[in-house]
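*Asks:* sequence? don't have it. structure:
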Ligand SMILES: [Zn+2]
């Protein structure tokens, strides 16, 4: 795996150094000296990650004679949330010195530091504390601004240090979350195949293979991960790292984020900071997307009535009205309108797109079938990893899940299966099938629907 990571590292432009292994925490001072021009540093952590590794990093830097500013430590509870106000807090702190930010933490802390470091024109070093998501080595930062979660463009860290002993000590739900984020690449990949076939977003083969080539192997043994097997944890982290590098390589989250992330981001915006872990929402979103794909793949789209689809196609104004009405939160509604209109096509372009779909469907269907896993199987894998497997496990109600099949499409212009079912006029009937007696969600809800 190290060879693959090293090879990937040579292809990307931001990250120069990746140290993954047991005991690598001790290399912080060496990495700082070797990969950064500046010798002074400032540690960013929260109370939990400071106790887990931050204090040690801080002491090492001091002992090695680096000029170390007072650490910036966010409260441990409630868990910090990646909102734009905190980016501004960090930015202000960074502007008072010229130190290299050394962030010790996982998703939120890394996202906050990544953007604040970029906005203050400096590179940063990331010390990972949990195998909880794929953002360490990714281009871009997932930040909520004015109630709307978005990926803001900014470079990945120059160096990442991930000590497997530190990762193993993290709360077990964090690695379960990382597992689910990785498993989500099954549907993310399917959505990319779709966008590629419709000539909307071509597949970048290098980024694709970094994520997809070993995805089945990385996700095959959730029990081992749950039981604390060090190799399983190491494999998970390698998978998350390579996925991040794929995003860095394409300067886009497309290789790692499709319809499953639309569900996850929608729920996060609906529920706010108290929502479940990122990977847990992605996991349920992955099941939701895979179940939708099953309904879609059960159909022969070569026989699609294109004229009927075009007649039923809403105008721009109708889309705007429907999207605005669909969201309760006004700011979310405004952003969703902007994203939906950005991908709006008129009926004549829809006709062209559906003709292309019809022509490519037999080959595309085979590709999608090979890429996807059955929703039942995804559910079993997630359960074995210790993840929630239905909406109630992440605080989403059954009616909210049902409505999400329509709303999740609206929050981003990126093309996914959610768009395809809308454009082919199949959304309502596919969702009906999922929730009707005997349908996928009716079965998994065990009578709670
Ligand atoms: Zn993710």
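*Replies:* Received it, and whenever you're ready, just let me know what you need. Because the structure is a prediction, the values reported are computed rather than measured.
*Asks:* How about the helix ranked longest in the chain, which residues are buried there?
*Replies:* Ranked by number of residues, the top helix in the chain under DSSP state H is helix 347-371. By 16 or more other C-beta atoms under 10 Å, the buried positions in helix 347-371 come out as 350-351, 353-354, 357-358, 360-361, 364-365, 367-368, 371. Yep, even glycine has a C-beta here, placed from its N, CA and C like the rest.
*Asks:* Who are the packing partners of it?
*Replies:* Under the contact definition 3 or more C-beta pairs under 8 Å, 6 or more residues apart in numbering; DSSP states H and E, helix 347-371 sits against helix 185-197, helix 278-297, helix 306-312, helix 417-423.
*Asks:* can you give me the angle the longest one makes with helix 185-197?
*Replies:* Right, the one you point to is helix 278-297. Put simply, helix 278-297 runs at 50 degrees to helix 185-197, going by axes from the mean of the first three to the mean of the last three C-alpha atoms, to 10 degrees.
*Asks:* Break the protein down into its structural domains.
*Replies:* If you go by automatic domain parsing, the domain ranges for the chain are 2-170, 177-217+251-444.
*Asks:* give the contact list for residue 293.
*Replies:* 187, 190, 368, 372, 417 (C-beta atoms under 8 Å, 6 or more residues apart in numbering).
*Asks:* Next one: it from residue 373, what distance?
*Replies:* 10 Å (C-beta to C-beta, to the nearest Å).
*Asks:* again with residue 357
*Replies:* 23 Å.
*Asks:* can you check residue 197 too?
*Replies:* Distance from residue 197 to residue 373, by C-beta to C-beta: 20 Å.
*Asks:* Throw the contacts of residue 293 into CSV and include distance to residue 203 and pLDDT, thanks.
*Replies:* Formatted as CSV, the contacts of residue 293 follow (distance: C-beta to C-beta, whole Å; pLDDT from 0 to 100):
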residue, distance to residue 203, pLDDT
187, 15, 98
190, 12, 98
368, 13, 98
372, 16, 98
417, 16, 98
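*Asks:* who wins for neighbours among those?
*Replies:* Ranked by neighbour count (other C-beta atoms under 10 Å), the contacts of residue 293 have residue 187 at the top, with 31 neighbours.
*Asks:* these two touch, right, it and residue 372?
*Replies:* Yes. The pair residue 187 / residue 372 is scored as a contact, 7.1 Å apart, by C-beta atoms under 8 Å.
*Asks:* Can you work out which residues contact both of these two?
*Replies:* By C-beta under 8 Å, 6+ apart, the residues touching both residue 187 and residue 372 are 290, 293.
*Asks:* Flag the shaky bits of the chain, pLDDT-wise.
*Replies:* Within the chain, the ranges that satisfy pLDDT under 70 run 1, 274.
*Asks:* Residue 148: what's it in contact with?
*Replies:* So residue 148 contacts 269, 331, 332, 335 (C-beta under 8 Å, 6+ apart).
*Asks:* Which of those residues are buried? Put it as a PyMOL command.
*Replies:* Of the contacts of residue 148, the buried ones go into a single PyMOL selection, burial set by 16+ other C-beta under 10 Å:
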select buried, resi 269+332+335
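*Asks:* In three-state terms, label the nearest residue to residue 436 once chain neighbours are set aside for me.
*Replies:* Once flanking residues are discounted, residue 436 sits nearest to residue 442: 6.2 Å by C-beta to C-beta, 6 or more residues apart in numbering. Counting by DSSP: H, G, I helix; E, B strand; the rest coil, the backbone at residue 442 sits in helix.
*Asks:* thinking residue 442 is in contact with residue 432, fair?
*Replies:* No. Taking contacts as C-beta under 8 Å, residue 442 lies outside contact range of residue 432: 10.7 Å.
*Asks:* Which one of these two is surrounded by more residues?
*Replies:* A direct count of neighbours by other C-beta under 10 Å for residue 442 and residue 432 places residue 442 higher, at 17 against 12.
*Asks:* Return the distance of that one relative to residue 398.
*Replies:* Counting by C-beta to C-beta, the gap from residue 442 to residue 398 is 10 Å.
*Asks:* Any chance you could list residues touching both of those two?
*Replies:* Shared contacts of residue 442 and residue 398 (C-beta under 8 Å, 6+ apart): 435, 449.
*Asks:* in a strand, that's where residue 42 is, yeah?
*Replies:* Yes. Under three-state DSSP, residue 42 sits within a strand.
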